[in-house]
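>>> coordinates for the following, if possible.
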Amino acid sequence: MADFMKKQSIGSYFNCIAAVLGIVGIVAALICSKMTVTYALGNLGTIALLGVCGIILAVAAICLPNKFGNHDILGTLAVLGAIAVYTAAFGQVLSERILLIAGLFSYDSVNTVGWQVFYVTVVSIAAFLVADIILIIGAFSRSVKEN
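Numbering: from 1, shown residues only. So this is what the prediction gives:
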């Protein structure tokens, strides 16, 4: 394990942060869905599955360059897959909450429960988006140190 950690470079750390943000996005989606029955996410299973797949692909993007080197095809595909899956999870959360957001900002501004759900939804959306951005940045950097 110590040898594995010594080989890691900045790209691996970016991928690790993206995996942690995927966990944050899933947990926030679960919390905002369970706050009230009225605002339950209809596609919560899909969001959770997409988040888990993104985490797995981000972890694969950490491990694969150790075996095949920097910018290998499998590691690159894992990063691209994680970006696509996190983007799909973001889209699923946003599509479920777009009517709530429109209602809160147009005519139902005193809906305190709706605002609480909105705040947690923003955390979920932001976690998936920031994970995407970090994965994109990490894709252009080295994942392992070369001797």
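>>> where does the chain have low pLDDT?
Where the chain drops to pLDDT under 70, the residues are 1-7, 108, 143, 146-147.
>>> same thing but 90
Across the chain, the ranges flagged by pLDDT under 90 are 1-13, 33-43, 61-76, 78, 96-118, 138-147.
>>> would you list every one of the helices in it?
Under the criterion DSSP state H, the chain contains helices at 2-7, 10-34, 44-68, 73-106, 112-139.
>>> out of the ones you listed, which is closest to Lys145?
helix 2-7 (5.6 Å; CB to CB). Heads up, the C-betas are built off the backbone N, CA and C, glycines and all.
>>> which ones are touching Trp115?
Leu104 (CB atoms under 8 Å, 6 or more residues apart in numbering).
>>> change the start of the numbering to 201 and stick with it
OK, 201 is where the count begins now, so the last one is Trp315.
>>> just to revisit the earlier point, turn the helices of the chain into JSON lines, including distance to Lys345.
Putting the helices of the chain into JSON lines (distance: least, CB to CB, whole Å) gives the following:
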{"stretch": "helix 202-207", "distance to Lys345": "6"}
{"stretch": "helix 210-234", "distance to Lys345": "10"}
{"stretch": "helix 244-268", "distance to Lys345": "10"}
{"stretch": "helix 273-306", "distance to Lys345": "15"}
{"stretch": "helix 312-339", "distance to Lys345": "15"}
